[in-house]
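*Asks:* Kindly generate the corresponding structure for this input.
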Amino acid sequence: MQMTESHQDDPARRARLRWRSRRGLLENDLILTRFLDAHETALSDIDVDALTRILELTDNDLMGLLLGNDEPKDELDLPHVRALLARLRQA
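*Replies:* Numbering: from 1, shown residues only. This next block holds a predicted model:
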């Protein structure tokens, strides 16, 4: 059985995640950048999965989640997504 490489073990994966976190709305960009600056090296693969799911949103939908105006629903309504979102809201 081959073990998959962790997000933290691959500098290219980490760079791609940071690049994907750059957003068109300055507010989103600032929140995500501040969060990654403080927590990137401690993110687990579960955290990265949650962040990747959140980054699939449009800028306006993402802003609503980050500001607490909206809550995750449908395929985003998962415990690990909610946990990461709580951390992002504190950034």
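*Asks:* So, low pLDDT: which residues of the protein?
*Replies:* 1-8 (pLDDT under 70).
*Asks:* ok, the spatially closest residue to residue 18 that is not a sequence neighbour - how many residues close by?
*Replies:* Nearest non-adjacent residue to residue 18, counting by Cβ to Cβ, 6 or more residues apart in numbering: residue 36, 5.8 Å away. For the C-beta atoms, the positions are set from N, CA and C on the backbone; glycine is no exception. Using other Cβ atoms under 10 Å, residue 36 is surrounded by 18 other residues.
*Asks:* Please verify my assumption that residue 59 contacts residue 23.
*Replies:* Yes. The pair residue 59 / residue 23 is scored as a contact, 5.5 Å apart, by Cβ atoms under 8 Å.
*Asks:* Which residue of these two possesses the greater neighbour count?
*Replies:* The neighbour comparison of residue 59 against residue 23 (other Cβ under 10 Å) goes to residue 23, with 19 against 14.
*Asks:* what about that one, which SS state?
*Replies:* coil (DSSP: H, G, I helix; E, B strand; the rest coil).
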